[in-house]
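>>> What follows is a predicted protein model with its sequence.
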Amino acid sequence: MTARLHTAEFTPTDEAFIEIRNLHHEYEGVTALDSVSLDVRPGEFVTLLGPSGSGKSSLLHILAGLIEPTSGTITIDKRDITRLPPQKREIGLVFQNYALFPHLTARENIRFPHDVRKTADCDATERVAEVLELVELTALADRRPDQLSGGQQQRVAVGRAISSVPKVLLLDEPLGALDRRLRQQLGREIRRVQRETNITTLYVTHDQEEAFTMSDRVVVMNHGEMRQIGSPEEVYTAPRDSFVANFVGEVNQWPAGMTSGTGDTATVDVAGNAGFRARCGQDVHGGDAHLVVIVRPERVWVWHQGDPAPRSDVQLVGSGAIVESTFLGNSRSVVVESERLGRITALLYDGEEPRDPGARVSFGWEARHALVIPE
Ligand SMILES: Nc1ncnc2c1ncn2[C@@H]1O[C@H](COP(=O)(O)OP(=O)(O)OP(=O)(O)O)[C@@H](O)[C@H]1O
Ligand SMILES: [Mg+2]
């Protein structure tokens, strides 16, 4: 088995609105972006998801024209904008620190792009009223930023960014400074505004939940590379490698040795124990290399040791004792210490399973929920 580890395969889209090609960027010897290519469709909401330092902001800043890439090209609506100054790109920008003008009211902040462009007075007034409605700030339009909450300020920032009808909207962790509830609420509002205006949008976050709930597609980045591009569901259920699997959720993971098979019907050794059925990721080929098998906690079944497996398609993988049991509200996280596979985590939902610390249990999973991928 060999594992080919490389950047997510790039397939151009017929109807791309933004075309990013082989973008490379270095800051004095630091590679921030390494041969990045991406197509974004008209009206699509795409999120760049990745750890700190993975190059998300660099990519957004290059798109906005705030920094010039070392090499590569960007086309928006068939026009090469790679060397165009920021103000000519028709891009709306929202950053984490709201950067509103403190001495201007919400209405004046939203009106600002029109004043810069010298839009006809009545057109601007009409558009600003429309945007205030859209971001639900009509009643607060005459307040200054210091008279608004963090979430309201961020809505002014979104309103200002879409006010002059940009071709593309770029948002760099716009919700980072807000608490979880407000993040969820404002995230939904941003998505609603984006759907109503149909502005092609690139969004940056390192929060997996935010990325999943808002996006049509997610780009998982690491070390300046795009590791995987796909729908939230694809990225979660079929991660290409161990980095993506771990970044987009919790996993149980063990070294895997392949004994036979490909695709949906492989037989693997899990941590030296032979003969488990599993599914193979697309980057796993014949040969011999570093592979892992991953199983998400919500796919692990746990039952009283000695009882039969709860379903015929659940394969018995091991046994052990529950060492941790944590109530999470809508579920319970249970950690089993097993002789053969070490610690495994299961997420339990319906209350039938053994869950008390000390209980002797068996555990296992369905073959289709175990995935073999490069480490
Ligand atoms: N002005 C700069 N000068 C030198 N190196 C920089 C500069 N800006 C960013 N970098 C480096 O480039 C890499 C990518 O940084 P970038 O800001 O794009 O990451 P990010 O994914 O946005 O991270 P975060 O989630 O922390 O915002 C990092 O290694 C960073 O240290
Ligand atoms: Mg950043």
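In hand now; what should we look at? Residues are numbered from 1 along each chain as shown. Ligands and ions are numbered 1, 2, ... in the order given.
>>> show me where the stretch 1-150 of the chain has strands.
2-3, 18-27, 30-40, 45-49, 71-76, 79-80, 91-95 (DSSP state E, counting those that start in this stretch).
>>> Just give me the neighbour total for residue 44.
21 (other C-beta atoms under 10 Å). C-betas here are computed from N, CA, C, even on glycine.
>>> and the closest residue to it other than its chain neighbours, what does it touch?
Using C-beta to C-beta, 6 or more residues apart in numbering and skipping the chain neighbours, the partner closest in space to residue 44 is residue 216 (5.1 Å). Residue 216 makes contact with 44-46, 231, according to C-beta atoms under 8 Å, 6 or more residues apart in numbering.
>>> quick revisit: including mean pLDDT, distance to ligand 1 and mean neighbour count, could the strands of the stretch 1-150 of the chain go into JSON lines?
What follows is the strands of the stretch 1-150 of the chain, written out as JSON lines (pLDDT from 0 to 100; distance: least, C-beta to the nearest ligand atom, whole Å; neighbours: other C-beta atoms under 10 Å):
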{"stretch": "strand 2-3", "mean pLDDT": "42", "distance to ligand 1": "25", "mean neighbour count": "18"}
{"stretch": "strand 18-27", "mean pLDDT": "96", "distance to ligand 1": "3", "mean neighbour count": "18"}
{"stretch": "strand 30-40", "mean pLDDT": "95", "distance to ligand 1": "4", "mean neighbour count": "20"}
{"stretch": "strand 45-49", "mean pLDDT": "97", "distance to ligand 1": "8", "mean neighbour count": "24"}
{"stretch": "strand 71-76", "mean pLDDT": "96", "distance to ligand 1": "15", "mean neighbour count": "17"}
{"stretch": "strand 79-80", "mean pLDDT": "95", "distance to ligand 1": "23", "mean neighbour count": "12"}
{"stretch": "strand 91-95", "mean pLDDT": "87", "distance to ligand 1": "10", "mean neighbour count": "22"}
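>>> Now the longest helix seen in the chain: buried residues?
Longest helix in the chain by number of residues (criterion: DSSP state H): helix 180-197. Across helix 180-197, burial judged by 16 or more other C-beta atoms under 10 Å covers 182-183, 186-187, 189-191, 193-194, 197.
>>> cool, and stretch 211-230?
211-212, 214-215, 217-222, 224-230.
>>> contacts with ligand 1 among those residues, please.
Among these, proximity to ligand 1 is found for none (C-beta under 6 Å from any ligand atom).
>>> Run a quick neighbour tally on the nearest residue to residue 100 once chain neighbours are set aside.
The shortest distance from residue 100 to any non-neighbouring residue, by C-beta to C-beta, 6+ apart, is to residue 145 (4.5 Å). Look at residue 145: counted by other C-beta under 10 Å, it has 20 neighbours.
>>> Now do the same for residue 213: its pLDDT.
Note on residue 213: pLDDT of 93.
>>> ok so, going back, make JSON lines from the strands of the stretch 1-150 of the chain and add distance to residue 310 to it.
Formatted as JSON lines, those follow (distance: least, C-beta to C-beta, whole Å):
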{"stretch": "strand 2-3", "distance to residue 310": "33"}
{"stretch": "strand 18-27", "distance to residue 310": "47"}
{"stretch": "strand 30-40", "distance to residue 310": "43"}
{"stretch": "strand 45-49", "distance to residue 310": "34"}
{"stretch": "strand 71-76", "distance to residue 310": "52"}
{"stretch": "strand 79-80", "distance to residue 310": "58"}
{"stretch": "strand 91-95", "distance to residue 310": "48"}
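>>> Which of those strands sits closest to residue 167?
Comparison of those against residue 167 by C-beta to C-beta identifies strand 71-76 as nearest, at 5.9 Å.
>>> could you say what helices and strands the closest one packs with?
strand 18-27, strand 30-40 (3 or more C-beta pairs under 8 Å, 6 or more residues apart in numbering; DSSP states H and E).
>>> angle of the last one against strand 45-49?
Following axes from the mean of the first three to the mean of the last three C-alpha atoms, to 10 degrees, one obtains 160 degrees for the angle between strand 30-40 and strand 45-49.
>>> before we move on, back to that, helices - which of the buried residues of stretch 211-230 land there?
211-212, 214.
>>> of the residues you listed, closest to residue 261?
Nearest member of these to residue 261, counting by C-beta to C-beta, is residue 212, at 30.8 Å.
>>> Distance of the closest one relative to ligand 1?
Noted for residue 212: a distance of 17 Å to ligand 1, by C-beta to the nearest ligand atom, to the nearest Å.
>>> For that residue, which non-adjacent residue is spatially closest?
Nearest residue to residue 212, sequence neighbours excluded (C-beta to C-beta, 6+ apart): residue 232, at 4.0 Å.
>>> pLDDT on stretch 105-123, on average?
If you average the pLDDT over stretch 105-123, you get 85.
>>> list the buried ones in that stretch?
105-114, 119.
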